[in-house]
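Novice: all I have is the shape, not the residue letters:
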């Protein structure tokens, strides 16, 4: 290996490490949420898990909220057993 090849390899390594260091400095400067600012904003999610309770290693109770409704689901053993919809709370008389 000639001296020119060795110098070229060292220069390529220094350039690569410099670019990695520059990316690290930019990430510290702009924060980890910098990429989130460039992504388009999505509308609010319709589905959310409100609460979860482990009954045993095979079964779990999950309260799921969607479109303003809450449902209680029993998950486990390769199946889902949905329950009846939760009754709505009556609106107080004004």
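Specialist: That came in fine, so what should we check first? Nothing here was measured: the structure is a model prediction, and the numbers come from that model.
Novice: separation between residue 15 and residue 22?
Specialist: According to C-beta to C-beta, to the nearest Å, residue 15 and residue 22 sit 10 Å apart. C-beta here means a position set from N, CA and C on the backbone, and glycine is covered the same way.
Novice: next one: residue 47
Specialist: If you go by C-beta to C-beta, the gap between residue 47 and residue 22 works out to 40 Å.
Novice: just residue 64 next, same as before
Specialist: 45 Å.
Novice: next: residue 65.
Specialist: 45 Å.
Novice: show me what the longest strand anywhere in the chain is packed up against.
Specialist: Scanning the chain for the longest strand, with DSSP state E as the assignment, gives strand 47-56. Contact analysis of strand 47-56 by 3 or more C-beta pairs under 8 Å, 6 or more residues apart in numbering; DSSP states H and E lists strand 59-66 as its packing neighbours.
Novice: now for residue 64: which residues touch it?
Specialist: 47-50, 70-73 (C-beta atoms under 8 Å, 6 or more residues apart in numbering).
Novice: would you turn the residues you listed into TSV with neighbour count?
Specialist: Formatted as TSV, the contacts of residue 64 follow (neighbours: other C-beta atoms under 10 Å):
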residue	neighbour count
47	8
48	11
49	10
50	11
70	14
71	15
72	17
73	16
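Novice: now, among the residues you listed, which is nearest to residue 29?
Specialist: residue 48 (34.1 Å; C-beta to C-beta).
Novice: could you pull out the helices for the chain?
Specialist: 3-30 (DSSP state H).
Novice: where in it is pLDDT low?
Specialist: Counting by pLDDT under 70, the chain has low-confidence residues at 1, 32, 34-36, 38-39, 41-42, 80-94.
Novice: quick one, domains of it?
Specialist: 3-37, 47-82 (automatic domain parsing).
Novice: deepest in the core, which of those is it.
Specialist: Burial of the domains of the chain is given as mean neighbour count (mean count of other C-beta atoms under 10 Å); domain 47-82 ranks first at a mean of 12.
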